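Student: I would like to see how this sequence folds:
(one chain, ligands or ions: 1)
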Amino acid sequence: MSSTVTATKRNYPEEFIKFLNSSPTPFHAVYNIKKKLEAKGYKELSERETWNGSVKKSGKYYVTRNNSSIIAFQIGENWIPGNPIAITGAHTDSPVLKIKPISKRKSEGYLQVGVECYGGGIWHSWFDSDLSIAGRVMCKEQDGVTVSKLIDLKRPLLKIPTLAIHLDRTVNTKFEFNKETKLLPIIGLENEEEKSSADSSNNNGCCNSDTKLESSQFSSLQNIIERHHKGLLDLLVQELQLPNVDSIEDFELILYDHKPSCLGGINNEFVFSARLDNLTSCFTSLCALLEASDVDIENESGIRLMACFDHEEIGSSSAQGADSNFLPNILERLTLLKCDDTDVTCPLNRSLILESSAKSFFLSSDVSHGVHPNYSSNYESKHKPALGGGPVIKINANQRYMTNSPGLALVKKLADDVEVPLQLFVVANDSPCGSTIGPILASKTGIRTLDLGNPILSMHSIRETGCAYDLEYQVKLFKSFFEKYSTLENKIIV
Ligand SMILES: [Zn+2]
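Tutor: Below is the predicted model:
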């Protein structure tokens, strides 16, 4: 077994900070995951093509959907359809403010940008932060081709200003605001050019359907130049080195905190960052899969697979969310491949998919609620996960989390083997409870599932706090899962 050769100890916190800072959107997260997979020999597969002949035993592959969800896996040398699959799952998205399709706003001499709330953010934490813009832009190229390009402007461009305390003395006891009218960021001051463009349209500076294009060419939609501030579009053109604004067909852009993620605390024990929910689990499962890659693969009878889905924060129902057919389709393809001599063997029997599912296990990983020192009464008295105390197993009698005792026995065994501490969490009976992709995929596939994740503070704030020490614990646990699951799965009898 090649795992006995220990490499130089990895600095997970530093690597994680880099990953966070280069992943302001799910598109960027998936791009960065792809790069790391490719560096380790993973090859891209397309859902648009047949995989017959291209998927081999011991092979390493990944597939993306919408460039915001990704599934990566390595097939064991002894894999046969019907064998178990060790699956980790996480999500790539976080609550965020997204630029509206018609974003141009002006008020009191300020240029403003209309934004839409995505997910259940702690929106008051967005006030007074320096905000930048990232996402993807659909660009028209020659020959009628439209291509998607990633963009990260990396500049403090916007601000949602609070009102001075002198104008609202109640602000420290009561801070309520309307998300449509008060959460509107400023992006600049109106200049002469902007003023004249305001005169040519009405509706408080926002363009409406009365605005006509000079061109006689029919356009089904209002032109992008009329929908968004010219200054903003110019920034996109500059950054992407496009010939002009007309090259921009459309975009999906979000705002993010310009302040970079960093380590903090007396001993650098904290991670201060946006998107810890849930780039934490994307990062740890990726590190674990990469470290487990090729380890004892010649004796592996299963498949080691990680899945990172978009759209968890809004319920997972989309073509690329955990509630889609993305993962079931991949599992089906892997069990129904036609093959040649060198290919994965396959008797082409649909019941093999069901056998595989029944033998597989899904570690659904999402961050959990670390105990808050100033609000400890909001937690169940005996279930207060500590930052630095290791991954938290989430349990809920009402199945908001999927953990049951056979799953717990499995994870305990994996954690004991690699000396990773675990913690237990239930919510108090008088407290609301979150949920994860665990119940969604478990009910969809029938695969045994356990919910767990590293503890953080201020979940869904623009600036969350996690613990640097917990990263290595989770990587070790997931690596242990990938390497040992197929030999352990028939040893836990229900
Ligand atoms: Zn989450």
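Student: which stretches of the stretch 201-350 of the chain have low pLDDT?
Tutor: Scanning the stretch 201-350 of the chain for pLDDT under 70 picks out 201-216, 338-348.
Student: close to the ion: what parts of it are there?
Tutor: Contact residues (Cβ under 5 Å from the ion) of the stretch 201-350 of the chain with the ion: 277, 278. Backbone N, C-alpha and C define where each C-beta goes, glycine included.
Student: the strands in the stretch 201-350 of the chain, which residues?
Tutor: 248-257, 262-264, 270-273, 303-309 (DSSP state E, counting those that start in this stretch).
Student: could you chop the chain up by domain?
Tutor: 8-94+274-491, 96-257 (automatic domain parsing).
Student: averaging pLDDT over each of these, report the lowest-scoring one.
Tutor: Ranked by mean pLDDT, the domains of the chain end with domain 96-257 at the bottom, a mean of 89.
Student: distance between the ends of that domain?
Tutor: 10 Å (Cα to Cα, to the nearest Å).
Student: what sits against the closest residue to residue 431 other than its chain neighbours?
Tutor: Excluding the flanking residues, the one nearest residue 431 by Cβ to Cβ, 6 or more residues apart in numbering is residue 378, at 6.6 Å. Shown in contact with residue 378 (Cβ atoms under 8 Å, 6 or more residues apart in numbering): 372, 428, 431.
Student: with residue 117 instead?
Tutor: Residue 117 neighbours (Cβ under 8 Å, 6+ apart): 95, 97, 98, 123, 179, 183.
Student: please tell me how far it sits from the ion.
Tutor: Distance of residue 117 to the ion, computed by Cβ to the ion, to the nearest Å: 16 Å.
Student: before we move on, what about residue 131?
Tutor: In terms of Cβ to the ion, residue 131 sits 22 Å off from the ion.
Student: which parts of the lengthiest strand in the chain are buried?
Tutor: Longest strand of the chain, by residue count under DSSP state E: strand 96-107. Of all the residues in strand 96-107, those buried under the rule 16 or more other Cβ atoms under 10 Å are 96, 97, 98, 99, 103, 104, 105, 106.
Student: each with direction, which strands does it pair with?
Tutor: Using DSSP bridges, strand 96-107 pairs in its sheet with strand 110-118 (antiparallel), strand 248-257 (antiparallel).
Student: for these, which one sits closest to residue 391?
Tutor: Evaluated over these, closeness to residue 391 peaks at strand 248-257, with 26.0 Å, by Cβ to Cβ.
Student: give the buried residues for the closest one.
Tutor: Buried residues in strand 248-257 (16+ other Cβ under 10 Å): 248, 251, 252, 253, 254, 255, 256, 257.
Student: what do you get for stretch 374-389?
Tutor: Quick answer for stretch 374-389 (16+ other Cβ under 10 Å): 379, 383, 384, 385, 387, 388, 389.
Student: first-to-last residue distance for that stretch?
Tutor: Terminal-residue distance, stretch 374-389 (Cα to Cα): 19 Å.
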